[in-house]
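Q: following is a predicted model, sequence given first.
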Amino acid sequence: MSYQKRRNALLQSLKEDALTTLLITEPKSRQYLSGFDGSAGWLLVHQDRHIILTDGRYWDQVERQCPEAELFRFVPAEPQTFSAAVAPILQGDCAKAESAGTTCSFAIETDGMTLSLFRCLTKALDEAGVEYTESEGRVTRLR
C-alpha cells in the first residue's frame, strides 16, 4: 500500500470523528504514513498536505524519502523545541480554515509520547491559542 493510500485511510478516520489534522510524534507511525525513517521528527497530516518537522541532520533524507511532503526545517536556535515550532503552523492552518468558512479540528496522537513531551506540546498550543483533542491508537489500528 502506498504512503498516500495510508494517509487517505487516516484522513477518512479523522473525518469520521470530525477532525481535520493529526500530529504524529511516534517514529513507527510517522514512517508508516510518510516513509521517513529518521530518528527525529514529527508528522503533521492535514486534509490537503502533510508536513515533516525535523532538524538539519535529516533534511536531505526527507527530501529523498518523502519528495511529496512539505519539509519544515527545524532550527534549534529559533524556536527551541518542536512543540514551539508546530504551534504557529497549526495556528496558521486554523486561521486559513476559519477565513474560508470551514472548521479546524486538530488532534494529537498520544501513542508513544512521554508525559513531559505532552505537557510541553500542550503548553505551546495553549499559549498559541490552538484548540486540540487527544487521539490514541488511530495510526496503530491502521498499521
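A: On my side now, so go ahead. Numbers count the residues shown, from 1 in each chain.

Q: tell me the spacing between Gly35 and Asp55.
A: 18 Å (C-beta to C-beta, to the nearest Å). Glycine gets a C-beta too; all of them are placed from N, C-alpha and C.

Q: so for those two, which residue has more residues nearby?
A: Ranked by neighbour count (other C-beta atoms under 10 Å), Gly35 and Asp55 place Gly35 first, with 18 against 14.

Q: please report how far the nearest residue to the more buried one once chain neighbours are set aside lies from Ser34.
A: Nearest residue to Gly35 in three dimensions, chain neighbours excluded: Gln65, at 4.8 Å (C-beta to C-beta, 6 or more residues apart in numbering). Using C-beta to C-beta, one obtains 8 Å as the distance from Gln65 to Ser34.

Q: which one of those two is surrounded by more residues?
A: Counted by other C-beta under 10 Å, Gln65 and Ser34 do not tie: Ser34 has more neighbours, with 24 against 17.

Q: quick one, longest helix in this protein?
A: Secondary structure assigned by DSSP state H gives helix 82-99 as the longest helix of the chain.

Q: now the element after that helix, going C-ward?
A: strand 106-109 (DSSP states H and E).

Q: what helices or strands is that following strand leaning on?
A: strand 21-24, helix 82-99, helix 115-128, strand 133-135, helix 138-142 (3 or more C-beta pairs under 8 Å, 6 or more residues apart in numbering; DSSP states H and E).

Q: nearest to Lys15, out of those?
A: strand 21-24 (11.1 Å; C-beta to C-beta).

Q: would you put the C-alpha positions of that closest one in CSV?
A: The C-alpha coordinates for strand 21-24 follow below in CSV (Å, rounded to 0.1, in the frame of the first residue of the first chain):
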residue,chain,number,x,y,z
THR,A,21,-5.5,17.4,11.3
LEU,A,22,-3.4,14.9,13.3
LEU,A,23,0.1,15.3,14.8
ILE,A,24,2.1,12.1,15.0
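
Q: so which residue is dead centre in this structure?
A: Leu44 (1.9 Å; C-alpha atoms, centre = their mean).
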